[in-house]
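Engineer: Quick one, fold the following:
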Amino acid sequence: MEVRVDVRPVWPLHLARHSGMDGVQRHRDGVLHRLLHVDGQPAHVRVAQPSADRVVIGSSAESRDVAEHALERMRFALGVDDDLRPFFRRFRDDPLIGASVRSMPHLRVARRPEPFEALAWAVCEQLIDYERATEIERAIVAYGGLRVTNPPHPPLRDVPTAATVAGWSPARLESFGLTPTRALALHRAAREVASGRVDLHAADHERGWARLRKIRGIGSWTLEFLAIHGQGRYDQLPAGDLAYRKVVAQLQAGGGHPLARVEEDEVRAFFAPYGEWAGLAGAHVLATTSRLRRALAA
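Structural biologist: Numbers count the residues shown, from 1 in each chain. Next up is the predicted model:
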């Protein structure tokens, strides 16, 4: 069953042209391919952007319900329905991010189609370098990610579901490179989600966060990562992230020592004026400083 929609984004959007580091998203001939599972049933989702104001999303599965659900999850991940006009009007002249907002109005926060993916990868990325975290994530996908081959399309794997991860032992998770504490945290979080005790799709996000927070190894950074990358919460940003702690230290000091850091509470206070848009403002801050570093190195 094939479902296809032709979307006119309500705000400028640039479809990413690169594959994700965990290997589950592929690009071929300008088309993004992603495998998703709905109640154990696979759906092959494809996305193309033939023009600046048009995005085409197709989803194929054994049943129409599965295809439609997977398509909706991809729409969420892409942010094609996000209206960022209020953010643009409010911050286009902001002294810090105004230039970025005007030059990159299309900028969005990267999202995962399923919130459990964001939660699982947040645990994997705690307090280690991104390259090492990516190795762990790829190992998890290679071991337990469901695979579909559908010529002539590229072979695809999905991130293992919460139920799959809950069925593994913490020792198995350690074998992928996680520390014992993080392996146990991921195992317990997966069990909470798989059992339904935590519903990551529920409108009341805070209720699920409160239950997850009781798990040792699940802290504010992990939940904020889940919120912004898995649940679309623009009011959240992972304040404990090293990138934010470094950039805020640099901005507050007007340069200062390149190894300077601030605490995560200081990061939250710094972005508090951006209110319900703090997460998107953070993305513009990182984009601005990244472009500045590249210009200085040129």
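Engineer: For the rest of this, base every contact and every neighbour count on C-alpha atoms.
Structural biologist: OK.
Engineer: can you tell me which residues contact residue 105?
Structural biologist: By C-alpha atoms under 8 Å, 6 or more residues apart in numbering, the contact list for residue 105 reads 12, 88.
Engineer: and it, what pLDDT?
Structural biologist: Listed pLDDT for residue 105 reads 96.
Engineer: repeat for residue 21
Structural biologist: 83.
Engineer: The closest residue to it other than its chain neighbours: neighbour count?
Structural biologist: Among residues not flanking residue 21 along the chain, residue 134 sits closest, at 6.4 Å (C-alpha to C-alpha, 6 or more residues apart in numbering). The tally of other residues near residue 134 (other C-alpha atoms under 10 Å) stands at 18.
Engineer: what helix or strand does residue 134 sit in?
Structural biologist: helix 130-144 (DSSP states H and E).
Engineer: elements contacting the next helix or strand after that helix?
Structural biologist: Per DSSP H and E, the first helix or strand lying C-terminal to helix 130-144 is strand 147-148. Contact partners of strand 147-148 among helices and strands, from 3 or more C-alpha pairs under 8 Å, 6 or more residues apart in numbering; DSSP states H and E: strand 156-157.
Engineer: part of a helix, is residue 49?
Structural biologist: No - going by DSSP: H, G, I helix; E, B strand; the rest coil, the assignment for residue 49 is strand, not a helix.
Engineer: Can you tell me the closest non-neighbouring residue to it?
Structural biologist: Closest to residue 49 by C-alpha to C-alpha, 6+ apart is residue 55, at 4.5 Å.
Engineer: for the closest residue in space to residue 181 that isn't next to it in sequence, what are its contacts?
Structural biologist: Distances taken as C-alpha to C-alpha, 6+ apart place residue 217 nearest to residue 181, at 6.5 Å, with adjacent residues excluded. Residue 217 makes contact with 181-182, 185 under the criterion C-alpha under 8 Å, 6+ apart.
Engineer: Same question for residue 3.
Structural biologist: 58-60, 64, 67-68, 71.
Engineer: Quick check: it is in a helix.
Structural biologist: No - under three-state DSSP, residue 3 falls outside any helix and is assigned strand.
Engineer: beta partners of it?
Structural biologist: On the basis of DSSP bridges, residue 3 is bridged to residue 59.
Engineer: which stretches of the stretch 51-200 of the chain form helices?
Structural biologist: Counting by DSSP state H, counting those that start in this stretch, one finds helices in the stretch 51-200 of the chain at the ranges 64-78, 85-91, 98-103, 115-124, 130-144, 162-166, 170-174, 180-195.
Engineer: Provide the contact partners of the fifth one at residue level.
Structural biologist: Meaning helix 130-144. 21-24, 121, 124-125, 157-160, 164, 173, 176-178.
Engineer: And this protein, what are its domain boundaries?
Structural biologist: Structural domains assigned to the chain are 2-83, 115-230, 242-297, following automatic domain parsing.
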